[in-house]
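**Student:** Next one to model:
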Amino acid sequence: MTVKNLCALVSVALLAACTTQSETDKTLSLLGHVMAFQPGPDGKPKTAIDRSGTANTATITTKMVDGKPSTVSISVAGTLQGGTAVPGASGLKVDQAKSGDASLVTTEGKDGDPFLAALTVGKYHAVGFYATQQGTTQFIGVGVTGDKTTAMPTVGAATYNGDVNAIFARSASGVQSVGGKVQMNAAFTPAGGTIGGKSSGLADNETDQAAGVELVFQNASISGNSYSGGAVSLVSQANGLPVGTVTSSNYQGEFYGPGAVETGGTFQLGASNVPLSGGTENLQAIGAFGAAN
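**Tutor:** Numbers count the residues shown, from 1 in each chain. Next up, the predicted model:
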């Protein structure tokens, strides 16, 4: 911890009224997926050019001043499937009105600036959103962080209900931010167990128009306080039947809090011939979910 003396530039007559300011750095590791875009004429993301294959890890360092978040710096490890590196950001100013002392803060800035936001916050986890730009390439990432469970259940089952957020890059109708509910079901064993689940009510976050599909998280293997190796598929919102041809997908996540009372995960998906709300299109998607038992 460092202590910054605010009195150094003040006259001797005012020294008695001066205080010191305590600064610390708080570091979080966030598990996430990222997609890279070329913008359209309006400057908004239009065409997806690369996305995560496996999950990326972001390191988020928040400078705390007198116990409150002040600025944030972000770095992202690894590259996307096509080799694209994700740029980080430093010195992002925290939006105090929206952050308080939350573990994952929301930053402020003008349009086009790097931006970090807490989408949903549980008692032991938070789901976040990161956007930045390098040259003409725009990046959007989603991920989850939290207090990882230290002692996992070894028997029994748990149902987790919460929220899911995703970015849909549609081949004909452009980029769409969608959100909905998610239910994840875990079965615990001494060896670890499995977890899987499904979204419901996916809809455009701006217009509330139904997305046309739901996400199905096929069973993934639990190892310690995390899980991986799960596949993502799609079903129709109209009848629940499988739709589209998935060309690549995965999801992974972690358990949070005492007794694994919460869970969160992140995913990516590529699929063709998907019946979305605007018609049949190819789809690329990234997203994250968080839920509590």
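**Student:** in this protein, which residue is closest to the centre?
**Tutor:** Residue closest to the average C-alpha location in the chain (Cα atoms, centre = their mean): Gly143, at 2.1 Å.
**Student:** give me phi/psi at it?
**Tutor:** Dihedral pair for Gly143: phi -170, psi -180, per degrees, to the nearest 10.
**Student:** Please list all residues in contact with it.
**Tutor:** Going by Cβ atoms under 8 Å, 6 or more residues apart in numbering, Gly143 touches 30-33, 55-56, 58, 127-128, 130, 266, 288. (Each C-beta comes from the backbone N, C-alpha and C, glycine too.)
**Student:** hmm, 6 Å instead?
**Tutor:** Taking Cβ atoms under 6 Å, 6 or more residues apart in numbering as the criterion, Gly143 is in contact with 30-32, 128, 266, 288.
**Student:** mind checking pLDDT for it?
**Tutor:** Note for Gly143: predicted pLDDT of 95.
**Student:** Please apply the same query to the one 5 residues further on.
**Tutor:** Lys148 carries a pLDDT score of 97 in this model.
**Student:** Can you tell me the number of residues neighbouring it?
**Tutor:** Residues near Lys148, counting by other Cβ atoms under 10 Å, number 17.
**Student:** Surely it touches Gly224?
**Tutor:** No - Lys148 is beyond contact range of Gly224, at 9.0 Å (criterion: Cβ atoms under 6 Å).
**Student:** and the helix or strand that Ser249 is a member of, how far from the chain's centre?
**Tutor:** Using DSSP states H and E, Ser249 sits within strand 245-256. When distances are taken as Cα atoms, centre = their mean, to the nearest Å, strand 245-256 is centred 13 Å away from the chain's centroid.
**Student:** Quick check: buried residues in that strand?
**Tutor:** 246, 249-256 (16 or more other Cβ atoms under 10 Å).
**Student:** Over to stretch 117-136?
**Tutor:** By neighbour count on 16+ other Cβ under 10 Å, the buried set for stretch 117-136 is 117-122, 124-133.
**Student:** Widest-spaced pair of those residues?
**Tutor:** Largest separation among the buried residues of stretch 117-136 by Cβ to Cβ: Tyr124 and Gln133, giving 32.2 Å.
**Student:** wait, what's in contact with the residue nearest to Val86 when sequence neighbours are not counted?
**Tutor:** Nearest residue to Val86, sequence neighbours excluded (Cβ to Cβ, 6 or more residues apart in numbering): Val76, at 4.0 Å. By Cβ under 6 Å, 6+ apart, the contact set of Val76 is 56, 58, 86, 88.
**Student:** are any of those buried, and which?
**Tutor:** 56, 58, 86, 88.
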